[in-house]
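A.B. asks: Need coordinates for the below:
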Amino acid sequence: KIKSLSLGQGQGPIAEKMINDAIDDGSWVVLQNCHLAPSWMPTLERICEQISPERAHPAFRLWLTSYPSNKFPVAVLQDGIKITNEPPKGLRANVIGTYYNTSQSYFDDCKKKKDLEALHFGLAFFHASIQERRKFGALGWNIAYEFNESDLRICQQQLQMFLNDFDIIPWKALQYTAGETNYGGRVTDDFDRRTLMTMLRNFYKSEAVDTGFEYSESGIYALPSDTSISGIQAYLQTLPYNDPPEVYGLHDNANITSARNETYSMFETMLTLQPRDTGGSGQSAEDMLEAQALDILQRLPANFDVLTAQEKYPTSYEESMNTVLTQELSRFNNIIVVVRTSLQSLVKAVKGLVVMSSELEGVATAVGNGQIPAMWAAKSYPSLKPLGSYVSDLIQRIAFFQQWIDEGPPPIFWLSGFFFTQSFLTGTLQNYARKHKLAIDTLRYSFEVVLEKPGGKAEDGCYVDGLFLDGAAWHMTDNVLTEQAPKILFTPVPTIWLKPCLEADFVLKDGDYTCPVYKTSERKGTLSTTGHSTNFVLTIVLPSKKNEDHWVRRGVAMLCQLDD
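C.D. replies: The predicted structure is shown next:
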């Protein structure tokens, strides 16, 4: 006898009674979705610890299902038999798995059997592609979504239904149901949704039912002439085991990105396992920690004098940058104070003068590992740099604003140096709106990449620099977006002129790519109270000689800073 229950709010007592009854009568209990009841997991752990062979019926079994969750009791995992269900690794294995689970009757029950066979192969290929893109990190998806078999199954059913119910294949309906509803229902990032729909349009279109239709630029992956289950399975055996990045629309350099991500993940795990004590006659861990803290304290500049800066750059109707400057100084003062006070307390704690609190211990561990302490990150701008590079970057940003205070607004603004970039961008628009007596909500930016460094300030708008291209490069002769050079992952972008213009006057030209700009290479962020993502900055329109879909599949974006 099997009793099952889906866990959730208020289901804990019911589950506990089911387990106790089953222990006595020897039935099986299945508790589903344990990840949805994190508060009840300690109770589950206690119940499992109390189960003993003397008390439990020999036929009793307890089954637990859960998504990966850090709330699931480790002791239960260690004591139980674990079964995992994961999609096959690799595009070839993924599509083979799809056809292994698809019956012949699915195709026989359709009025347009040949069309269904062709489009189903494209759907299976699409499903495998969006799952395998995750291994490329942010180049693939900003957020790693858990696309699964249920998404594929509903798309299979809808594909068959639409082909049976309509004389002409309704491409728009197929694209909408699959891209916006089934798979798209999991997608929360606007640019990930753009990528998803761009990829799907390559599989759901009229040419996709033609024999020999190519799914990749190289032509290695194409629709075979025999689209029956046996024909597709035979064709799949001819495909390479290791799929090249181009099958996903990515540059070959994406393999390097994937390998780097795996390596960094392994290093992070190794850091958590390394011992804290040092042997031999060298410096002790405490001595090295104190030396690092004192070195950072020595390099750290003094706080900004915000009141003096406000007197020199008072709030002005004509110059919004004055307000932007003083706001930025206050934000950087918060970081400087946290860094200085935490390091001073850490030095005292190492010497035994104050108690080593849990927060200070976290700072000590992070400094010892060369990472940014969580205490600093809570007050800081987003950064994935190691500790040494982060401190150098912070000092460089402080120097940028100190030069602004001493010499006035720079002719070219270092966009990456701002803490809250949106205030700077809004301030620039506000200056233009007040100068030309226009409503700010009717304005937007147009963009021009300037190859030669300008000698002075922009008449309208502003010049910015400090950005890097990820997934593409910049052609320094043709002044357009172009492919990356082999093994060069990031390319500095020349100075960009942000030119305010009326929203109604802005027109996208052929080949223009709307490129998102992010603060870090992680790309994903959280929605802040201002309505902006903590990582997203703005979109910049870049000219190119290829259509926009090409660069969307490439995962091209601009970054304000690199990770090194």
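A.B. asks: longest helix in this structure, by residue count?
C.D. replies: Of all the segments assigned as helix in the chain under DSSP state H, the longest by residue count is helix 321-350.
A.B. asks: Mind listing what's buried along that helix?
C.D. replies: Judged by neighbour count using 16 or more other Cβ atoms under 10 Å, the buried positions of helix 321-350 are 321-329, 331-333, 335-336, 338-339, 342-343, 345-347, 349-350. For the C-beta atoms, the positions are set from N, CA and C on the backbone; glycine is no exception.
A.B. asks: Stretch 121-138 now?
C.D. replies: 121-133, 135-138.
A.B. asks: Check stretch 393-400 too.
C.D. replies: Along stretch 393-400, these residues count as buried under the neighbour rule (16+ other Cβ under 10 Å): 393-394, 397-398, 400.
A.B. asks: And the next helix or strand past the helix or strand of the chain with the lowest mean pLDDT?
C.D. replies: Counting by mean pLDDT, DSSP states H and E, the chain has its least confident helix or strand at helix 254-273, which shows a mean of 84. Reading on from helix 254-273 to the C-terminus, the next helix or strand found by DSSP states H and E is helix 285-299.
A.B. asks: What is that next one packed up against?
C.D. replies: Applying 3 or more Cβ pairs under 8 Å, 6 or more residues apart in numbering; DSSP states H and E, one finds that helix 285-299 contacts helix 321-350, helix 358-369, helix 387-407.
A.B. asks: Would you mind giving those as JSON lines with distance to Asp549 and mean pLDDT added?
C.D. replies: Conversion of the helices and strands packed on helix 285-299 to JSON lines gives the following (distance: least, Cβ to Cβ, whole Å; pLDDT from 0 to 100):
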{"stretch": "helix 321-350", "distance to Asp549": "37", "mean pLDDT": "93"}
{"stretch": "helix 358-369", "distance to Asp549": "42", "mean pLDDT": "88"}
{"stretch": "helix 387-407", "distance to Asp549": "35", "mean pLDDT": "94"}
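A.B. asks: Tell me which of those helices lies nearest to Gln32.
C.D. replies: Go through those one by one with Cβ to Cβ and the one that ends up closest to Gln32 is helix 358-369, at 36.2 Å.
A.B. asks: what angle separates the closest one from helix 387-407?
C.D. replies: Note on geometry: by axes from the mean of the first three to the mean of the last three Cα atoms, to 10 degrees, helix 358-369 and helix 387-407 are set 100 degrees apart in direction.
A.B. asks: buried sites along helix 358-369?
C.D. replies: Neighbour-count burial for helix 358-369, with 16+ other Cβ under 10 Å as criterion, is recorded at 360, 363-368.
A.B. asks: Greatest separation within the residues you listed: which pair is it?
C.D. replies: Using Cβ to Cβ, these span at most 12.3 Å, a distance reached by Leu360 and Gly368.
A.B. asks: okay if I get the helices and strands packed on helix 285-299 as JSON lines plus distance to Ser103?
C.D. replies: As requested, the helices and strands packed on helix 285-299 are exported to JSON lines (distance: least, Cβ to Cβ, whole Å):
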{"stretch": "helix 321-350", "distance to Ser103": "60"}
{"stretch": "helix 358-369", "distance to Ser103": "53"}
{"stretch": "helix 387-407", "distance to Ser103": "56"}
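A.B. asks: Out of the ones you listed, which is closest to Phe267?
C.D. replies: Comparing the helices and strands packed on helix 285-299 by their distance to Phe267 (Cβ to Cβ), the top pick is helix 358-369, with 10.1 Å.
A.B. asks: by contact count, what packs against the closest one?
C.D. replies: For helix 358-369, the packing partners by 3+ Cβ pairs under 8 Å, 6+ apart come out as helix 285-299, helix 321-350, helix 374-377.
A.B. asks: can you do 10 Å?
C.D. replies: For helix 358-369, the contact count by 3 or more Cβ pairs under 10 Å, 6 or more residues apart in numbering; DSSP states H and E identifies helix 254-273, helix 285-299, helix 321-350, helix 374-377, helix 387-407 as packing neighbours.
A.B. asks: Thanks again, I'm all set now.
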